[in-house]
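Chemist: Fold the following.
(one chain, ligands or ions: 3)
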Amino acid sequence: MSTAKKEYKRVTVKTLVDMKAHGEKISMLTAYDYSMAKIVDGAGVDVILVGDSASNVMAGHETTLPITLDQMIYHASSVVRAITRALIVVDLPFGSYQSDPKEALRSAIRIMKESGAHSVKLEGGKEVKESIKRILHAGIPVMGHLGLTPQSIYKFGTYTVRAKEEQEAVNLIEDAKMLERIGCFAIVLEKIPSDLAKKVAESVSIPIIGIGAGHDVDGQVLVLHDMLGMTHEFNPRFLRRYLNLYDDMTNAISQYVSDVKRVDFPSDEEQY
Ligand SMILES: Nc1nc(=O)c2c([nH]1)NC[C@@H]1CN(c3ccc(C(=O)N[C@@H](CCC(=O)O)C(=O)O)cc3)CN21
Ligand SMILES: CC(C)C(=O)C(=O)O
Ligand SMILES: [Mg+2]
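Modeler: Ligands and ions are numbered 1, 2, ... in the order given. All right, here's what the predicted structure looks like:
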């Protein structure tokens, strides 16, 4: 029996910073459950985000606001059991970190202790600076999230492109530099004009992972169900669909229904 051991390289927060330094792009996708995470990890994705988009995609809510810390921990622990290589980042949900830095740290500790994930992500710049510092001081790696921050949707009212005004662009670059200075290992940049996103990526040495932020950043993230074509009502310009699973699954399931009705399934070979 061949015992040639497969070289197994786990992705760490340090790997990501090294990747930026060497100009290697970072791939990131969401996953919320064991079966999907196993496929995503096996396919070689560098970072798996247990996103609070689970609120939309898994639970059918209109926004990310309703999902709870307990629910995020349930999703994260399922993902943790599936992966062998990818770095796992878990979103701190709305309401679990905004009140004060102590609450933020308690929430981050619960995620790390109860799910076994490797890091957390939270939305915002200087408003959440003290909370991020607290979490980092406990040894928990933090990914920032700037630009379109869906947990603040009711403050903005729309999901339009962010930082189109000069002052907003200046603030964005300042926030990115601040997140780097206090010790975040990477930043998600959502729905930002590509030339500004490029400037942000050039302004810091930690990786900038874009969603709707063009190709001059250090990596890309998409929601898994969007890129697989399962969410056919979600159509932003930044989304590339690699499959049309909504249609393929509908066809497969209709075929099953029809086979049951026609007593085509199960066949003689499919019974005992
Ligand atoms: N399925 C899914 N995919 C996501 O990327 C995602 C979620 N859910 N939930 C949480 C946030 C919300 N995100 C969003 C939401 C809307 C747009 C967006 O571009 N919406 C409109 C345009 C709105 C406008 O311009 O006013 C669109 O074109 O679909 C982008 C990212 C990203 N996240
Ligand atoms: C869209 C990504 C960046 C996210 O935060 C999520 O899926 O919750
Ligand atoms: Mg999120």
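
Chemist: in the helix or strand where Ala201 lies, what's buried?
Modeler: Under DSSP states H and E, the secondary-structure element containing Ala201 is helix 194-203. For helix 194-203, a neighbour-count test (16 or more other Cβ atoms under 10 Å) marks Leu196, Ala197, Lys198, Lys199, Val200, Ala201 as buried. The way it works is simple: take the backbone N, C-alpha and C, and place the C-beta from them, glycine included.

Chemist: Go through those and name the one nearest Lys126.
Modeler: Minimum distance to Lys126 across these is 15.3 Å, recorded for Val200 (Cβ to Cβ).

Chemist: Excluding chain neighbours, what is closest to that closest one?
Modeler: Ala176 (4.9 Å; Cβ to Cβ, 6 or more residues apart in numbering).

Chemist: thinking again about what came up before, mind giving me the packing neighbours of the helix holding Ala201?
Modeler: helix 166-182, strand 186-190, strand 208-211 (3 or more Cβ pairs under 8 Å, 6 or more residues apart in numbering; DSSP states H and E).

Chemist: With respect to Lys25, which of these lies nearest?
Modeler: Nearest to Lys25, of all those, is strand 208-211, at 9.6 Å by Cβ to Cβ.

Chemist: circling back to that earlier point, next, format the helices and strands packed on helix 194-203 as TSV and append mean pLDDT and mean neighbour count.
Modeler: Shown next, in TSV, are the helices and strands packed on helix 194-203 (pLDDT from 0 to 100; neighbours: other Cβ atoms under 10 Å):
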stretch	mean pLDDT	mean neighbour count
helix 166-182	98	16
strand 186-190	98	27
strand 208-211	98	27
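
Chemist: Now render those as a markdown table, adding distance to ligand 3.
Modeler: Below are the helices and strands packed on helix 194-203 laid out as a markdown table (distance: least, Cβ to the ion, whole Å):
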| stretch | distance to ligand 3 |
| --- | --- |
| helix 166-182 | 16 |
| strand 186-190 | 8 |
| strand 208-211 | 10 |
